[in-house]
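Undergrad: how would this look folded up:
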Amino acid sequence: MQEMDGSRRVFVALHLPKLRTYCIRCAGSDGIQLQCNLCDDRGWVPVRNIRDIIMNIEYPFTLVLRNDILGWMAEVTLDGSSDDTDGSTSEAYKEPVAAIYNALYRSLIPRITNDQPRSLRTKAKGRKIQFMASEWGYA
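TA: Okay, the predicted model is just below:
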């Protein structure tokens, strides 16, 4: 059984803003700068309640949550397309919230990398385009 590191939870909450809740330690500081080690000075922490996670995912999704001797395992399908096709990547966790965040992380990674702009290349030899027409004032 694995422990869930906070970076995956933070990654998921960054890309799904409804999975954030105010930090109980520094959100009520009213502009006073505090060094908060609970939220790393973000002002929010990822939601830890299963009901809130399920109710606030913005995509149409399917969640399969399993518990066996090894622990909790989850698989998530967002928008009807399974980005998490390899079943061997499902890892066991002590708590179901960690399994859900890990499954969301695995489903969001391909979406984020597909949305990043690719470098432009010419059709002929594959050389990278260095200047655009708009930079020269033609467009």
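
Undergrad: which residues of the protein score low on pLDDT?
TA: Low-confidence segments of the chain (pLDDT under 70): 1-5, 27-34, 80-90, 114-139.

Undergrad: Let me see the ranges of the helices in it.
TA: When assigned using DSSP state H, the helices of the chain occupy the ranges 6-15, 50-55, 96-115, 133-136.

Undergrad: how about these in TSV, adding mean neighbour count and distance to T21?
TA: In this view, the C-beta of every residue, glycine as well, is placed from N, C-alpha and C. Formatted as TSV, these follow (neighbours: other C-beta atoms under 10 Å; distance: least, C-beta to C-beta, whole Å):
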stretch	mean neighbour count	distance to T21
helix 6-15	17	9
helix 50-55	13	8
helix 96-115	19	13
helix 133-136	8	43
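
Undergrad: Quick one: closest of those helices to Q35.
TA: helix 6-15 (16.9 Å; C-beta to C-beta).

Undergrad: Tell me what angle that closest one forms with helix 96-115.
TA: 60 degrees (axes from the mean of the first three to the mean of the last three C-alpha atoms, to 10 degrees).

Undergrad: Wait, Y105 touches R8, no?
TA: Yes: with contact defined as C-beta atoms under 8 Å, Y105 reaches R8; the gap is 4.4 Å.

Undergrad: excluding its backbone neighbours, what's nearest Q35?
TA: D41 (6.9 Å; C-beta to C-beta, 6 or more residues apart in numbering).

Undergrad: Pull the number of nearby residues for the one you found.
TA: For D41, the neighbour count with other C-beta atoms under 10 Å is 12.

Undergrad: What separation do you get for it and V10?
TA: To V10, D41 is 12 Å away according to C-beta to C-beta, to the nearest Å.

Undergrad: Please apply the same query to T113.
TA: Look at T113 and V10: by C-beta to C-beta, they are 18 Å apart.

Undergrad: that older thread, E75 is nearest to which of the helices of the chain?
TA: That would be helix 96-115 among those, by C-beta to C-beta, at 5.6 Å.
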